[in-house]
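J.: what shape does this take:
(chains A and B)
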Amino acid sequence: MTQASTAMPQSRRKRPQRIDDLIDSRLMSRLDQLDVVSRKIFAGKLQGERRSKKRGQSVEFADYRNYVPGDDLRYIDWNVYARLDQLFLKMFLEEEDLSFFIVIDSSMSMDYGEPDKLTFCQKLAMALGYIGLVNYNRVTLVSFGEGVKHRLTNLRGRRKTQQMGQWILDLQSDGTTNFEAAMKTVALSRQGRGVMVILSDFLYKTGYEKGLRYLVGGGFDTFVMQTLSPQEIDPGGSNALSGDLKLRDMEDGNTAEVSVSAALLKRYKENLNAYCGQLRDHCIRRSMVHMVLRTDMSMDTLVMDYLRKRGLLK
Amino acid sequence: MMWATPWLAAVVAACLIPPLILLYFLKLRRREHYIPSTLLWRQSVQDLQANALFQRLRMSWLLLLQLLVLILILLAIAQPEYVGDIQRGAKTVILIDRSASMSATDVDGEGNRLDEAKRQAVEYVNGMKTGGILGSAADTEEIMVIGFSDEAQVYSGFTSSKAQLTEAINRITPSHGGTAIGEAIELARAYTINTNPEGPGRDVGPPATLLVFSDGRIHDLADQVARKNEPVVYRPIGKSEGTWNVGIAALGARRSLEDAENLEIYVRVANYSQQARTIDVDLSVGDLLVKTRTLEVEAASEADPRVVAESNATMVENGASPPPDSEAASATDPEAPPQLKPGSNSVTFSLSDPRGLTVGIRLHADDDLAVDNVAYTVIPPAKQLTVGLVAPADGWIIESAMSGIPFLQRIENLSPEHFANLVSTGETEKYDLIILDGVDVEKLGPGRYLTFGIVPPLPGFSKGESKTNNTALSWKEDHPINLNMNYHSLFMSPTWPLEAPREVSVLVEGSDGPIVVEAFQRGVSVIAVQFRPVASNWPFDVNLVKFMQNALDYLGRLGDALTDEALHPGQAIVARLPSTAGDISILRPDGVSVPLTPIDPSMTSYTSDVAGLYVFKYHTPSTTDEQTRAVAVNFFDEAEGDIATAKSVRFGRDAVDTVDAESGVRKRNLWPWALLAALAFLCVEWVVYNRKAYV
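T.: So this is what the prediction gives:
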């Protein structure tokens, strides 16, 4: 793709049309071995394949406790009663399902870069969603822009792969971003506990702080995945910006007149690094995980290696 | 620094520089490019602008480079020229001194001062303003070339043609004359003063610059007056110190009337340097070296200032003003050369040879001026005269008065009829002199005549109305005919007055008209005396003998008389050749033969310019051999002999701008350098642009 194509406000780039375009079968088979890691055992409505701190009905023994009237007689350990003549109740670790929220920024600004950020997010969401589905997590997908645009809730099981894939394929990049409003909606609508992954470039003129504040707490382990294209990380690269330009914002149409120079590019990179650093610090202070993903990263490497190292997958 | 086309550059600058700046600050069209967010870009630009000092400066580098390139190109269009100190006007008159002292060889390299002056003049011409590539004719400088020595000559009128001016300058040849700048300046002013025809007497336009290439040894500088707004620039040629010159200051030959075969050659040698010199003096006759003498010549000494002061005081007492340069040059001009009185010594050679001689004197001195080391004199042979006497019976008085003259070979008495025959046959010239004593004749043939008491049959002569008793009042004492004569004791009986035309020369003026006149008309030379000696008291007076000797000596040798004249370079040589002479030419000292056309049947002239021997050559019907007559032109000019160059000169009391040889006229075109610099900066700009080291 040429520089001119990145400059188009309404991209006519070729988007994934089929689920195979999002995730190939080889990767899918490898993803079967992975699972989403939660740093805590969370309670859930449905019994999933996940251990919970909550004692419950599973085959894995946890502890005994004294019987109190009202307890289910089925969990009384009669063998102990026979030896000790006291009623003890057997307690088991309850296996619960995990709410896995995948929040995708589908504003206009995501339609930028080579590869473009939205396509990258679609593929990553597909991979992560698939991992969630096959591990019987309760997968919820949300796209946002000005607010929450679309959502697909409570998918569970491999059978929902097709449905999820189609939802992802239907994503379109348009409109502006109101991160605060979108996150407010997401935070209010989420149920249970689990893992939340936010895929966005986080280049919001209104700031990301208020939006992320809604996500603090609530029992969710939040992963902030800042997705940037190579053209954003290094504007002086191969398809370099040069000359005297009027840079127009794809979302709000604001302009910035610049004469591209080494000094300006250097300053831009410094600012970008500082911006990402601030976002990372902001996340760390709120027990969130921040990571910067380049859209030219291989999905295989990203999922099988990087995200495992960063603790999202195992 | 001057500019050939400044207005063109100004116009181009006005057209180009504002648009260039506008392009940068007002009209910069930016390419539109879509990005996800302007958040970081705006912040980056603001960051850069926050460091305003450096960023603004860096931002303007490219603009500055482009402005620099543009300015350099504009400078090239303006065609700057470096011309040093001389303010070059629209018109310049180059005055080149070609006098004898300019033949001095005290210059660096080959040639003499004149060659150096011509070289510098050509250099000046090459540096003339030509109006540039696109300049108008009004910007073009015009130059005129005048050469001067004793007299001035225009070698080229005002023109802007370098080729013509260079050719004119190269045409200037050295002269052995003196140096007088007055005529040259008058000539220059005549050409340069632009008079408005509508306002008589009012000059229009600036006067021309007078650029004088000279050694400053100009004797009439004090007489010049500097004009307001007339730039005069003096370019000294030669060295003011370290030169030396000895020269022949005088050369004379005396032949005793009593012993015509004994000849004495008198030579005076002057030393203009401040060291005593020992000089060998050669005397040669023809091409043969005859004698050599060694002469000690004392050094030049400074003139006694008391003599100058006394002289000035005397002039003031007499009501005259002292010479303007005497005080100014010596008192107020510290650079004025000291007044030197050359040392001198003389030597006398004796020769005994009856033939006509060409005597050459040569000094063996390796000095800076060679022209005054050689001098010539032509000694005519002690000619024996044949005189024809046409007289009545009482003519014996004249015959007896001539009897004691040593150079008189014989006297033939002629009857009037015989004389008429001679006139009709054209044989009158076979006598060196014909004396007509009271015998009226109808016509005179070519030749030389002395008439007494008759009216010469020449146009303009007539007899007065009534007889008069004339007495002498005054006479030309410097004329050879009046040598040692005294006419106050002359008494004559009444006779007819002689009425002569105006153009004749009156040698003796009487109370009632001329007594003795001299006339030259168409090959006839006549000295006419109003009275007959027998009708006066001259037969009883020694004056008759003296007069006859003077007359015979003068008229009989009239053709050779020019050898007695002290001719200087620049003067006209006048030769009285036989009226039948043909194929006349003159061989100059430099070996060039120049054909001549006689002014009248017996008179030929040629203007000398260099010192040396000039030889007239001609043929006569009577002989087949080529006849020759040598004339010596000598350089006896002590003012020119002192060749030390004046560091500065003055017009009267006004100092003249002096520009030394290494500054001033050398014009250098600077526009190629400006263009080269523009190209270099363009390359730098290209590099800068590619590295994007600008904001």
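J.: need the residues of the stretch 201-314 of chain A near chain B, please.
T.: If contact is defined as Cβ under 8 Å from any Cβ of the partner chain, the residues of the stretch 201-314 of chain A in contact with chain B are A:201, A:203-205, A:232, A:241-251, A:254-264, A:267-268, A:271-272, A:275. Where you see a C-beta, it was placed from the backbone N, CA and C, and this is true even at glycine.
J.: output the set of residues of the stretch 151-300 of chain B in proximity to chain A.
T.: Counting by Cβ under 8 Å from any Cβ, no residue of the stretch 151-300 of chain B sits close to chain A.
J.: show me where the stretch 151-300 of chain B has its strands.
T.: When assigned using DSSP state E, counting those that start in this stretch, the strands of the stretch 151-300 of chain B occupy the ranges B:152-159, B:209-214, B:232-236, B:246-255, B:262-271, B:277-285, B:288-297.
J.: what do you get for the stretch 1-150 of chain A?
T.: Under the criterion DSSP E, counting those that start in this stretch, the stretch 1-150 of chain A contains strands at A:50-55, A:61-66, A:88-96, A:99-105, A:138-144, A:148-155.
J.: and the stretch 501-650 of chain B, by the same measure?
T.: In the stretch 501-650 of chain B, the strands defined using DSSP E, counting those that start in this stretch lie at B:505-510, B:513-521, B:524-529, B:572-576, B:582-587, B:593-595, B:603-607, B:612-619, B:627-633, B:650-651.
J.: for chain A, what helix or strand is lowest in average pLDDT?
T.: Evaluated with mean pLDDT, DSSP states H and E, the helix-and-strand set of chain A has its lowest mean pLDDT in helix A:3-6, which scores a mean of 40.
J.: so A:Asp300, which state does it fall into?
T.: Using DSSP: H, G, I helix; E, B strand; the rest coil, the three-state assignment for A:Asp300 comes out as helix.
J.: how is chain B divided into domains?
T.: In the assignment given by automatic domain parsing, the structural domains of chain B cover B:2-81+B:672-691, B:91-242+B:651-666, B:385-556, B:562-638.
J.: phi, psi of residue 72?
T.: Answering for chain A, as no chain was given. Main-chain torsions, A:Asp72, degrees, to the nearest 10: phi -70, psi 120.
J.: switch to chain B, that's the one I care about
T.: Main-chain dihedrals, B:Leu72, degrees, to the nearest 10: phi -60, psi -40.
J.: likewise B:Leu422?
T.: The phi/psi pair for B:Leu422 (degrees, to the nearest 10) is phi -60, psi -40.
J.: correct me, but it touches B:Gly445?
T.: Yes: here B:Leu422 reaches B:Gly445: they are 6.4 Å apart, a contact under Cβ atoms under 8 Å.
J.: overlap in contacts, these two.
T.: With contacts defined as Cβ atoms under 8 Å, 6 or more residues apart in numbering or on different chains, the residues adjacent to both B:Leu422 and B:Gly445 are B:Thr428.
J.: residue nearest the middle of chain A, spatially speaking?
T.: With the centre of chain A defined as its mean C-alpha position, the nearest residue by Cα atoms, centre = their mean is A:Val197, 1.9 Å away.
J.: before we move on, what SS does it have?
T.: strand.
J.: residues in contact with the closest residue to it other than its chain neighbours?
T.: With Cβ to Cβ, 6 or more residues apart in numbering or on different chains as the measure, A:Phe223 is the residue that lies nearest to A:Val197, at 4.6 Å, once sequence neighbours are left out. Listed by Cβ under 8 Å, 6+ apart, the contact set of A:Phe223 reads A:Val195, A:Met196, A:Val197, A:Ile198, A:Met288, A:Val289, A:Met291, A:Arg310, A:Leu312.
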